[in-house]
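Trainee: please find the sequence and the predicted model below.
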Amino acid sequence: MSSTQRLVLLVGAVIVLGGAFILFSGSDTKDSATVATATTPAATNGAPAATTPVAAPQPKVTTIVVQGGKPVGGVTTIKATKGDRVNIEVSSPDTTSEVHFHGYDIKRDLKAGGKVRFAFDAKLEGIFEMELEGTSVQIAKIVISPS
């Protein structure tokens with residue numbers, strides 16, 4: 001047998017063995033691929049995997065408590081920049097009064113045991129007072145700086 005014939009036989013044997021290997025191991029690969037696919041979340045009834053929604057950040061709310069007709073802890077200073085959304089909540093266990101936000105001229109009627117909310121866009125720059133209108137007691141100072 002010549003060396004060329006030996007080489008052809010060797011290449012043929014490698015091809016036959018390689019084909020047999022692929023043929024017999026192909027079914028194992030297919031089964032394991034099926035198992036792996038079946039256990040992934042995306043394969044559940046063809047639906048995409050569930051995602052956890054991310055909550056939107058909640059706006060900051062400044063809380064002022066009025067007791068005995070006066071702000072607990074003194075006058076609250078609130079700082080904002082022009083264009084900000086400002087949220088203020090005023091509550092009282094025992095005071096009934098109109099709360100007036102000067103400059104923006106927003107008024108809310110506060111009842112004892114209740115609360116009122118002021119939510120506005122800071123469009124005006126300056127220093128503004130919030131007071132109990134009937135007694136002229138200042139409860140907040142709102143400072144709105146340029147953007």
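Mentor: Arrived safely, thanks for sending.
Trainee: need phi/psi at Thr4.
Mentor: Here is the backbone geometry of Thr4 (degrees, to the nearest 10): phi -70, psi -40.
Trainee: I meant Gly68, not that one.
Mentor: Phi and psi for Gly68, reported as degrees, to the nearest 10, are phi 60, psi 30.
Trainee: got the contact list for it?
Mentor: Taking Cβ atoms under 8 Å, 6 or more residues apart in numbering, we find Gly68 in contact with 94-95. Every C-beta, even on glycine, is put in place using the N, C-alpha and C of the backbone.
Trainee: then the one 5 residues further on?
Mentor: By Cβ under 8 Å, 6+ apart, the residues touching Gly73 are Val65.
Trainee: contacts for stretch 138-147?
Mentor: Residues from elsewhere that reach stretch 138-147 (Cβ under 8 Å, 6+ apart): 62, 64, 66, 70-71, 75-84, 86, 88, 90, 99, 101, 103, 122, 124-132.
Trainee: quick one: buried ones out of the residues you listed?
Mentor: The neighbour count (16 or more other Cβ atoms under 10 Å) marks 62, 64, 66, 70-71, 76, 78, 80, 84, 86, 88, 90, 99, 101, 122, 128, 130-132 as buried among the contacts of stretch 138-147.
Trainee: how much space between Gly103 and Ile15?
Mentor: Remark: distance between Gly103 and Ile15 (Cβ to Cβ, to the nearest Å) = 90 Å.
Trainee: would you map the helices across this structure?
Mentor: Secondary structure of the chain (DSSP state H): helices at 3-39.
Trainee: the bottom helix or strand of it by mean pLDDT?
Mentor: Across the helices and strands of the chain, mean confidence by mean pLDDT, DSSP states H and E is lowest for helix 3-39: a mean of 55.
Trainee: okay, now Pro53: neighbour count?
Mentor: By other Cβ atoms under 10 Å, the residues close to Pro53 number 6.
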